[in-house]
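Q: Based on what follows, work out the 3D shape:
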Amino acid sequence: MDINIADNLKRLRKQREITQEDLANFIGVSFQAVSKWERGEGYPDITILPAIANYFNVTLDELVGMNEIKNNARLEELFAKLKENGSVGRIRENIKLLRDEIKCFPNNYKLLLELAHYLTYNGVDDESNKKNNEESMQICRRILEFCTDSNIRVTAQKLICYNYFWNKDNENAIKEAESLPNLWDCKETTISSFLSGDELVHTAQNNISMFADAIRLQLSNLADANYQKGLSWTNAERIAILEKGIRIFEIIYENGDYHFYSVYLSTTYRIMAALALLDDDREQAIIYLKKAVDYAITFDTLPDKIKHTSLIVNTLEYNALETSKNYTYSWSKETLDKMEQERYDVIRNDERFAAMKEKLKKYI
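A: I've put the predicted structure just below:
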């Protein structure tokens with residue numbers, strides 16, 4: 001167990017406006033001993049700790065940092081529970097946990113950011129979402145006003161963008177996003193140039209994985225498969241754009257070890273199937289839909305932990321506790337529910353379609 005006498009001793013002495021020599025004279029040691037304690041190179045003898053605590057009018061727990069140790073242990077336990085809940089979609093439980101803890105730690109900006117995050121991505125109904133977005137926005141504004149941690153601030157600003165977007169305020173979402181750091185100024189594109197050895201390999205591989213997902217997202221936006229962004233692509237062109245995102249994943253994960261990203265591949269192939277049906281290409285739709293089903297099942301049957309094996313991601317590992325979702329059902333159920341949409345009526349009597357549904361039912 002780490003104790004924090006060094007920082008506390010220095011803080012208390014400065015609050016009292018005394019020198020190291022003043023404190024040394026009071027407790028009968030050399031000022032060099034006090035200096036050593038404040039540098040963390042040793043601790044006072046246990047027999048003089050009560051005298052030091054009495055001198056500063058604090059408890060022994062406060063002097064040695066026991067309160068901080070207890071609080072840190074409590075927060076570690078909380079974040080472990082948040083991860084566990086988030087990995088299985090228990091978002092509302094996390095929101096309740098965070099509300100309770102913030103009463104005890106009202107200025108813990110990491111906790112506040114977590115609450116804002118879960119409020120932003122908690123899919124319930126339109127009215128609840130609106131209230132959640134408003135609360136998340138207030139928390140993020142508070143973080144930007146008072147928090148000095150740059151990483152927390154940037155994430156809070158990103159959440160503000162999405163809160164505007166989901167409240168159908170694109171103008172302010174864009175305005176807020178324009179003040180975020182650009183890609184070439186972020187940690188991920190900068191830090192690997194200064195690293196070496198295993199640290200360089202792991203950092204670069206992690207960045208490559210994230211950048212591949214970022215490209216997938218941009219291609220998804222560009223394809224405008226939902227016809228919401230006013231783009232004039234043909235359905236075939238939309239499919240071709242989405243396929244490029246899949247090709248990128250195939251290059252990076254040449255062994256097919258997509259793991260977490262299987263859920264995105266499933267979604268992409270399902271969208272491609274829907275686009276093919278708009279052009280009445282039923283055979284191609286069946287091919288795409290089969291892949292969507294297979295990747296949904298792959299995602300649902302992932303072990304809690306599994307390593308990647310492909311060359312440029314082989315130091316990375318999928319860990320279910322490091323993921324978060326805002327639903328509690330399986331992706332197989334999500335895919336099966338989507339297959340009930342009217343757009344699939346033209347292939348509903350196809351034996352292959354029926355077989356896919358039966359296959360999914362085993363995993364819901």
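Q: Summarise which helices and strands the top helix by length along the chain is packed against.
A: Among the elements of the chain assigned as helix by DSSP state H, the one spanning the most residues is helix 197-223. When contacts are defined as 3 or more CB pairs under 8 Å, 6 or more residues apart in numbering; DSSP states H and E, helix 197-223 sits against helix 187-190, helix 235-252, helix 262-278. Placement of C-beta: from N, CA and C, glycine included.
Q: the inter-axis angle of that helix versus helix 262-278?
A: 20 degrees (axes from the mean of the first three to the mean of the last three CA atoms, to 10 degrees).
Q: Check the model's average confidence along helix 197-223 for me.
A: In this model, helix 197-223 has a mean pLDDT of 96.
Q: helix or strand right after the strand or helix carrying residue 74?
A: Assigned by DSSP states H and E, residue 74 belongs to helix 66-87. Using DSSP H and E, the helix or strand that follows helix 66-87 towards the C-terminus is helix 91-104.
Q: where in the stretch 51-200 of the chain is pLDDT low?
A: Filtered on pLDDT under 70, the stretch 51-200 of the chain yields the residue ranges 123-127.
Q: Just to check, residue 130 is in contact with residue 167?
A: Yes. The criterion here is CB atoms under 8 Å, and residue 130 meets it with residue 167 at 6.8 Å.
Q: Quickly note the distance from residue 357 to residue 338.
A: 11 Å (CB to CB, to the nearest Å).
Q: okay, these two: which has more neighbours?
A: The neighbour comparison of residue 357 against residue 338 (other CB atoms under 10 Å) goes to residue 338, with 18 against 15.
Q: Excluding covalently adjacent residues, which one is nearest to that one?
A: residue 270 (6.2 Å; CB to CB, 6 or more residues apart in numbering).
Q: count of residues packed around that neighbour?
A: Residue 270: 22 neighbours (other CB under 10 Å).
Q: residues in contact with it?
A: 288-289, 292, 335, 338 (CB atoms under 8 Å, 6 or more residues apart in numbering).
Q: for the residues you listed, which one is nearest residue 66?
A: Taking CB to CB as the measure, residue 66 lies nearest residue 335 of the contacts of residue 270, at 51.7 Å.
Q: sorry, back to before: same for the helix holding residue 74, what does it pack against?
A: helix 91-104, helix 109-120.
Q: got the angle for the shortest one vs helix 66-87?
A: Put plainly, it is helix 109-120. 20 degrees.
Q: What residues of helix 109-120 count as buried?
A: 109, 111-120 (16 or more other CB atoms under 10 Å).
Q: Can you give me the pLDDT of the residue nearest to residue 338?
A: 97.
Q: and the angle for the longest helix of the chain with helix 235-252?
A: Going by the same axes, to 10 degrees, helix 197-223 makes 170 degrees with helix 235-252.
Q: buried sites along helix 197-223?
A: Within helix 197-223, the residues that count as buried by 16+ other CB under 10 Å are 203-205, 207-209, 212-213, 216, 219-220, 222-223.
Q: Switch the residues you listed over to JSON lines; also include distance to residue 185.
A: Shown next, in JSON lines, are the buried residues of helix 197-223 (distance: CB to CB, whole Å):
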{"residue": "203", "distance to residue 185": "17"}
{"residue": "204", "distance to residue 185": "18"}
{"residue": "205", "distance to residue 185": "21"}
{"residue": "207", "distance to residue 185": "14"}
{"residue": "208", "distance to residue 185": "19"}
{"residue": "209", "distance to residue 185": "20"}
{"residue": "212", "distance to residue 185": "20"}
{"residue": "213", "distance to residue 185": "19"}
{"residue": "216", "distance to residue 185": "22"}
{"residue": "219", "distance to residue 185": "23"}
{"residue": "220", "distance to residue 185": "24"}
{"residue": "222", "distance to residue 185": "23"}
{"residue": "223", "distance to residue 185": "27"}
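Q: quick one: which of those is nearest to residue 246?
A: residue 216 (8.3 Å).
Q: I figured that closest one was touching residue 265, is that so?
A: No. At 9.2 Å, residue 216 does not count as touching residue 265 under the criterion of CB under 8 Å.
Q: any common contacting residues for these two?
A: Joint contacts of residue 216 and residue 265 (CB under 8 Å, 6+ apart) are residue 249.
Q: Residue 163 is in contact with residue 172, correct?
A: No. Counting by CB under 8 Å, residue 172 stays clear of residue 163, with 9.4 Å between them.
Q: Would you mind telling me which of the two has more residues around it?
A: Taking other CB under 10 Å, residue 172 and residue 163 do not tie; residue 163 has more neighbours (26 against 14).
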